[in-house]
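> no sequence for this one, just the structure:
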Ligand code: PEP
Ligand code: MG
């Protein structure tokens, strides 16, 4: 059964569009289960019903012609209940609805299973037989398994059609919503610019060229270069290859030599495609065909085919490096956005960001919030290769991307952008007012930094200090470990910008989702592995160098604080302090008299929550990293869009832990701050203030929003709210109550609807 499943899935994967995928499904299932009928019905929002999209066994003329309303017939029932329905005599069931065009009256046995993707029923897969008998357990289990495996492929094929403006049944589609996760609030309208890594055939977007003949010539020239490379390679290593390998090598070389592949690509260029896109299209087709072959050995050759095409792609990319043109309203789209991709775009042209991978608290989303750029993460169904150059609407509040927008939708969003810009401009008036509640309770708002651009923006906002400087950002943007001198310069600039206010520099926090290209860490469970302090304590040379640079940079400014990430026990703190003391001693010996800075520990792990008091006793301050703390408490990967709905700082376990930490740290009289993203969520900030956090440190774009909310409420009402939500057992109930309190306090809608984690 497993082998049959695998073959069907591979064959479906090799289909080039939705209809051929569905045709493959119905014919394979009918053959494997030896049924008389197999059909697929898909939900079409335009008709609010299920269209018979493919069938073997029902009358051909009914296919893509007949449909059932959403709540009609057995198909509607399977979809509504989202569970299989197995009947030996369908016609006797009260929900049976006879579609005469299909000729299904002769079939009695009926088995329907829902096709579900991301909790949404896409359609129903049905098998039918004349014989009056229930399908057996094995048949039912097979269909359920197959449907679960194919749901993603069907969703992807549907999304590809939707991007082209077509619903499953071929109706014209408008305002097609691709759901993702909010990465940074705000809305934007712009032209999508897809950025993609080199030599990756799966990510090359489709683009049009004007001069087709020139593009063909360019392609032929690159193809020839690869052929020459292959010939050279063969003469160099040919005598080291076994006979079989040599034969294969020759087959590949011939594939390039004979005109078949080249001609296929050229044909596609003639249709207006650029060479990279044409090559990737032909490559994907051949790779899919190889992957669908039953023979294991031949199937494995798909990797060689991929390699061959990638070589040509790399040539195309190297010979004519693609420099994206960033129009005034550019929305950057990528499979996996990185800080360096963002850094490449002129800021004034960048209106929004979209990442297929990642979730609301991925580091790139945090960066986007810091920069105040509306962002949507985890839009897993967005067809990346079709979106380039398209006008899209990005809603960073709801976390979705809309293609084929109607004039009406564009008008609504244009108004929303004006409202949002006016609101943000209005907040500037608060700059010089203190951050205090109506009953004069003060709370300190600091900011998180990492980019130089934050500094310029934040200094202007009269912030009280920097609660988290993510020192890894300059490391990520560099091509090797920055030297002590280079680091000193960067740190000095930070310290000078904010002096005399404190700048809290966190020691290098790499690992997890923060990879340094020149220091890759490959692990099965990176978030449970070599991260943060664990890396730097194992590499004292890197740690000491960084501390020396920080201390040196603070010379005569004396506004440095050092903070340690990912602490899970007291030994790590003691070891780190020893190294900091050593670096300090070394500089003194060099004649630099530098004040020993306050040291702090981040509480980011559940273990540290229960050691809060012991840790606080060792250092000068505690800062809670609620991004990681939420991830580890709830066991929800902060980067995984599939589980993003489970990630919430309003979860009672998170709120309970935070409240506990504050009490423990206060018992030993040490200051406590929070530098996770929840501090920048206006509703959460109210709760944190009520818990007793001394400092809330947030991305600079959130600062005035939080200040505006704090100034709209009383401390007394915040305490009451906290008392009440701490008794709640559900995160959604907590969020609702917080929102209600903000509403009652007259807080603007823009602030209430901001992101929640
Ligand atoms: C945190 O985990 O809350 C934090 C501030 O650190 P980072 O987001 O950089 O992991
Ligand atoms: Mg962290």
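Thanks, I have it. The structure displayed is predicted, hence computed values, not measured ones. Ligands and ions are numbered 1, 2, ... in the order given.

> could you list which residues are in contact with residue 504?
By C-beta atoms under 8 Å, 6 or more residues apart in numbering, residue 504 lies in contact with 446, 465-469, 561-563, 600, 623, 675, 697. For the C-beta atoms, the positions are set from N, CA and C on the backbone; glycine is no exception.

> that one falls within a helix, correct?
No. Counting by DSSP: H, G, I helix; E, B strand; the rest coil, residue 504 is not part of a helix but strand.

> which stretches of the stretch 451-600 of the chain aren't confidently modelled?
451-462 (pLDDT under 70).

> reformat the contacts of residue 504 as TSV; add secondary structure.
As requested, the contacts of residue 504 are exported to TSV (three-state DSSP):
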residue	secondary structure
446	strand
465	coil
466	strand
467	strand
468	strand
469	strand
561	strand
562	strand
563	strand
600	strand
623	strand
675	coil
697	strand
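
> most neighbours among these, which one?
When neighbours are counted by other C-beta atoms under 10 Å, residue 675 leads those with 31 neighbours.

> ok, back up a step: out of the contacts of residue 504, who's nearest residue 297?
residue 468 (53.7 Å; C-beta to C-beta).

> how much space between that closest one and residue 671?
15 Å (C-beta to C-beta, to the nearest Å).

> same question, residue 477
Residue 477 is 31 Å from residue 671, by C-beta to C-beta.

> picking up where we left off before, pick the one among the contacts of residue 504 closest to ligand 1.
residue 675 (4.7 Å; C-beta to the nearest ligand atom).

> correct me if wrong: the closest one contacts residue 447.
No. Assessed by C-beta atoms under 8 Å, residue 675 is found out of contact with residue 447, at 9.3 Å.

> residues of this structure that sit close to ligand 2?
Contact residues, the chain versus ligand 2 (C-beta under 5 Å from the ion): 604, 625, 628.

> show the contacting residues for residue 335.
196, 197, 203, 355, 356, 357, 384.

> just the buried members of these?
Buried subset of the contacts of residue 335 (neighbour count, 16 or more other C-beta atoms under 10 Å): 196, 203, 355, 356, 357, 384.

> the residues you listed into CSV, with extra columns for distance to residue 402 and pLDDT?
Formatted as CSV, those follow (distance: C-beta to C-beta, whole Å; pLDDT from 0 to 100):
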residue, distance to residue 402, pLDDT
196, 22, 90
203, 22, 89
355, 16, 97
356, 16, 96
357, 20, 94
384, 16, 91
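
> what about the closest residue to ligand 1 within the stretch 151-300 of the chain, distance to residue 73?
Closest to ligand 1 within the stretch 151-300 of the chain is residue 183: 13.4 Å, counting by C-beta to the nearest ligand atom. Distance, residue 183 to residue 73, using C-beta to C-beta: 41 Å.

> do the same with residue 94
11 Å.

> so these two - more neighbours on which side?
Counting neighbours by other C-beta under 10 Å for residue 94 and for residue 73 shows that residue 73 has the greater number, 22 against 6.

> mind listing residues that contact the strand or helix carrying residue 690?
For residue 690, the host element (DSSP states H and E) is helix 682-691. Outside helix 682-691, the residues within contact range by C-beta under 8 Å, 6+ apart are 437, 441, 443, 649-650, 655, 658-659, 662, 674, 678-679, 696, 698, 702, 705-706, 708-710, 713, 715, 718-719, 721-722, 725, 735, 738-739, 741-742, 747, 751-752, 754, 756.

> buried only: go through these for me.
437, 441, 443, 649-650, 655, 658-659, 662, 674, 678-679, 696, 698, 702, 705-706, 708-710, 713, 715, 718-719, 721-722, 725, 735, 738-739, 741-742, 747, 751-752, 754, 756.

> now, the residues you listed that are in strands?
Of the buried ones among the contacts of helix 682-691, the ones assigned to strands by DSSP state E are 674, 696, 698.

> ok, back up a step: pretty sure the residue of the stretch 151-300 of the chain closest to ligand 1 sits in a strand.
Yes. Counting by three-state DSSP, one finds residue 183 located in a strand.

> enumerate every residue touching it.
So residue 183 contacts 353, 355, 358-360, 362, 364-365, 368-369, 375-377, 396, 399 (C-beta under 8 Å, 6+ apart).

> next one: phi and psi at the residue nearest to residue 567 when sequence neighbours are not counted?
Excluding the flanking residues, the one nearest residue 567 by C-beta to C-beta, 6 or more residues apart in numbering is residue 601, at 5.0 Å. Backbone torsions of residue 601, given as degrees, to the nearest 10, read phi -120, psi 140.

> wait, residue 601 sits on residue 618?
Yes. With contacts counted by C-beta under 8 Å, residue 601 reaches residue 618, the gap being 7.3 Å.

> now do the shared contacts for the two.
Counting by C-beta under 8 Å, 6+ apart, the common neighbours of residue 601 and residue 618 are residue 573.

> the two: who's more crowded?
Neighbours per residue, other C-beta under 10 Å: of residue 601 and residue 618, the larger number sits with residue 601, 29 against 16.

> so for that one, what's the pLDDT?
On the pLDDT scale, residue 601 is placed at 98.

> any idea what it is bridged to?
Judged by DSSP bridges, the bridge partners of residue 601 are residue 564, residue 622.

> list the residues that contact it.
Residue 601 sits in contact with 563, 564, 567, 573, 608, 615, 616, 618, 619, 622, 623, where contact means C-beta under 8 Å, 6+ apart.

> out of those, which are close to ligand 1?
Among the contacts of residue 601, no residue is within reach of ligand 1 (C-beta under 6 Å from any ligand atom).

> same list, those residues, but as a markdown table with distance to residue 26 please.
Shown next, in a markdown table, are these (distance: C-beta to C-beta, whole Å):
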| residue | distance to residue 26 |
| --- | --- |
| 563 | 60 |
| 564 | 59 |
| 567 | 57 |
| 573 | 63 |
| 608 | 55 |
| 615 | 61 |
| 616 | 65 |
| 618 | 66 |
| 619 | 65 |
| 622 | 61 |
| 623 | 58 |
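
> of these, closest to residue 33?
Of all the contacts of residue 601, residue 33 sits closest to residue 608, with 54.4 Å by C-beta to C-beta.

> specify the local secondary structure of that closest one.
helix.

> just give the nearest non-adjacent residue to it, would you?
Computed as C-beta to C-beta, 6+ apart, the closest residue to residue 608 that is not its neighbour in sequence is residue 567, at 5.6 Å.

> wait, the one you found touches residue 612, no?
No. At 10.7 Å, residue 567 does not count as touching residue 612 under the criterion of C-beta under 8 Å.

> thought residue 563 was touching residue 622?
No. Using C-beta under 8 Å, residue 563 makes no contact with residue 622, being 9.4 Å away.

> which stretches of the chain have low pLDDT?
238, 241, 244-245, 248, 257-258, 451-462, 752-757.

> who in the stretch 551-700 of the chain is up against ligand 1?
Residues of the stretch 551-700 of the chain lying near ligand 1 by C-beta under 6 Å from any ligand atom: 604, 625, 626, 627, 628, 675, 676.

> the stretch 101-250 of the chain: strands as residue ranges?
With DSSP state E, counting those that start in this stretch, the ranges of strands along the stretch 101-250 of the chain come out as 109-117, 120-129, 176-179, 181-184, 187-195.

> for the second one, packing partners?
To tie it back to what came earlier, the one meant is strand 120-129. helix 18-33, strand 37-44, strand 49-56, helix 73-81, strand 109-117, helix 137-163 (3 or more C-beta pairs under 8 Å, 6 or more residues apart in numbering; DSSP states H and E).
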